[in-house]
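Visitor: Compute the structure for the input listed below.
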Amino acid sequence: MRIAFLGTGKMGLPMARHMACGGHEVVAFDIASAQLALAREAGLAIAASLADAVAPAQVIFSSMPHDAAFAAVSAEVAACATPGSIYVDTSTISPAASAAAASHLAARNIAYLRVTVSGNNHMAEAANLTAMVSGPAAAFEHVKPLLALFGPTQFYLGDAEQARLMKLVINLLIALTSGMLAEALTLGQKGGLDWKAMWEVIAASAVASPIVKAKSAQLAVHDYAPTFTVDQMLKDVGLILDAGADLRVPMGLTALLGQMLQGAAAQGFAGEDYAAVIKFAGQAAGVPQR
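Guide: The predicted structure follows:
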């Protein structure tokens, strides 16, 4: 299958590489020369422009960092893609931005799939992502073998923006887990509990969700190297709060978590893992942090 992949960042590049390793003809494009260089090093063919990548493709994938980038790329896809092709976007963006693009793509007879993924860059590298899909059911069936190259599980949720909202639901739970850990660990640390011992108990307890277990080994040694940064989570929390406002859902806990993330960013942790809200809470409580 001829595939264009737009956006070869830390999530897009491994997804593109998995499809190439699966025997598909993948051509990559990114406006960042450094990302294109990484794609070339990974053995992918490189297009000189977005139009050159998209025009001959049967399926076009994109992975964009925010609404504005998605809006620009989806507009170019609508203008350059061949009618009858399928456009698959894997970005975490607002349902509103996604819905706005849908009408332009439909006018050009380009099937549009919203394929959000649950998992970080390490899970993308390991082909262990969970895909949440919405859009035309026939298009989903056509690209499902490609999505299976990203990970073992694909959920089809409906024909419109359901996948966008589901991604925000998942990220809300992940974000709030970091806030829960921040206050709990700070309470224990201020009361004299040993840091590593707390993590051992938490990881073996009833609250040890997969995300908690995944973070425990790293955070037990105060390692805040990012899989997803404070700034990135702030962006997603903004999308979540906007969705809540649109749907008239009170989101007091999420708003508070947004303020904790803002505090972590103000303390210099913006580029660290979003779990740095733990350090923010500790500093606020006067607990020395590494």
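Visitor: I'd assumed Ala284 was in contact with Gly263.
Guide: Yes - if you go by C-beta atoms under 8 Å, Gly263 and Ala284 touch, sitting 7.3 Å apart. Every C-beta, even on glycine, is put in place using the N, C-alpha and C of the backbone.
Visitor: The two: who's more crowded?
Guide: Gly263 (18 against 14; other C-beta atoms under 10 Å).
Visitor: Please name the residues that touch the more buried one.
Guide: Counting by C-beta atoms under 8 Å, 6 or more residues apart in numbering, Gly263 makes contact with 277, 280, 284.
Visitor: Helices of the stretch 151-290 of the chain, start to end?
Guide: Remark: helices assigned in the stretch 151-290 of the chain by DSSP state H, counting those that start in this stretch are 162-190, 195-203, 210-219, 230-247, 252-264, 277-284.
Visitor: Comparing those helices, which comes out most buried?
Guide: Each of the helices of the stretch 151-290 of the chain was scored by mean neighbour count; the highest is helix 277-284, a mean of 22, by mean count of other C-beta atoms under 10 Å.
Visitor: What helices and strands are in contact with it?
Guide: Here helix 277-284 touches helix 162-190, helix 252-264, going by 3 or more C-beta pairs under 8 Å, 6 or more residues apart in numbering; DSSP states H and E.
Visitor: and those as a markdown table, adding mean pLDDT?
Guide: Output for these, formatted as a markdown table (pLDDT from 0 to 100):
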| stretch | mean pLDDT |
| --- | --- |
| helix 162-190 | 97 |
| helix 252-264 | 97 |
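Visitor: do you know which of those helices lies nearest Met64?
Guide: Each of the helices and strands packed on helix 277-284 has some distance to Met64 by C-beta to C-beta; the shortest is helix 162-190, at 12.8 Å.
Visitor: angle of that closest one against helix 230-247?
Guide: Angle, helix 162-190 to helix 230-247, by axes from the mean of the first three to the mean of the last three C-alpha atoms, to 10 degrees: 120 degrees.
Visitor: so where's this structure shaky on pLDDT?
Guide: When residues are selected by pLDDT under 70, none of them lie in the chain.
Visitor: Which segments of it make up each domain?
Guide: Listed domain ranges for the chain are 2-159, 166-284 (source: automatic domain parsing).
Visitor: Go through these and pick out the most buried.
Guide: Comparing the domains of the chain by mean neighbour count (mean count of other C-beta under 10 Å), domain 2-159 comes out on top with a mean of 19.
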